[in-house]
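**Q** Build the 3D model from these lines:
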Amino acid sequence: MDIVFIQGLKIDCVIGIYDWEREIRQDIILDIEMGFDIKPASKTDNIDQTLDYKLVSKRLIDFVKNSEFQLVETLAEKICEIILNEFNVEQVKLTLNKGKAVTGAQGVGVIINRTKNG
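**A** Here you go, the predicted structure:
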C-alpha cells in the first residue's frame with residue numbers, strides 16, 4: 001500500500017477537560033499517513049485518480065476548528081473516521097500532538113492506526 005502523507009498540520013481548536021481549556025483555543029498538530037493506491041494517478045498524471053491532500057487538509061481544518069471535544073482520543077477517532085469514510089482511504093495512521101500541555105514536555109497526544117474495515 002502506498003502512503004500519502006500530511007505532516008505538521010497545525011489547527012487551533014477548543015480541546016481539553018479543564019474549565020480554563022474550554023475558554024481558550026489551543027493548537028494541535030496532525031501528522032497523517034494515509035494508505036492509498038497511487039499507481040492509477042502515476043499512469044494518468046490526473047489529480048482525479050489520486051488522494052488530494054489539499055482537500056483532505058481543508059476538510060480536517062474545517063472540522064477541527066469547529067469541534068469542542070474534551071479528549072484528544074475522541075478527536076483523533078473522528079478525524080480518522082472522516083479520512084476513511086470521505087476520501088476512500090484504506091488505512092490511516094494519525095499522530096495528534098497537543099503540544100506543550102504537560103510542563104517540560106515538547107508534546108503529548110495520541111498515535112492511532114485505523115483501517116476501513118476495522
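**Q** just so I have it, where are all the strands in the protein?
**A** 3-13, 26-35, 91-97, 109-115 (DSSP state E).
**Q** Just checking: what are the partner strands of the second one?
**A** Put plainly, it is strand 26-35. Strand pairing for strand 26-35, determined by DSSP bridges: strand 3-13 (antiparallel), strand 91-97 (antiparallel).
**Q** Same list (those) but as CSV, adding mean neighbour count, distance to E33 and mean pLDDT.
**A** To be clear about C-beta, it is placed using only N, CA and C from the backbone, and glycine gets the same treatment. Formatted as CSV, those follow (neighbours: other CB atoms under 10 Å; distance: least, CB to CB, whole Å; pLDDT from 0 to 100):
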stretch, mean neighbour count, distance to E33, mean pLDDT
strand 3-13, 14, 5, 98
strand 91-97, 20, 4, 98
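**Q** Relative to A105, which of these is closest?
**A** For the strands paired with strand 26-35, proximity to A105 was assessed by CB to CB; strand 91-97 is nearest, at 10.1 Å.
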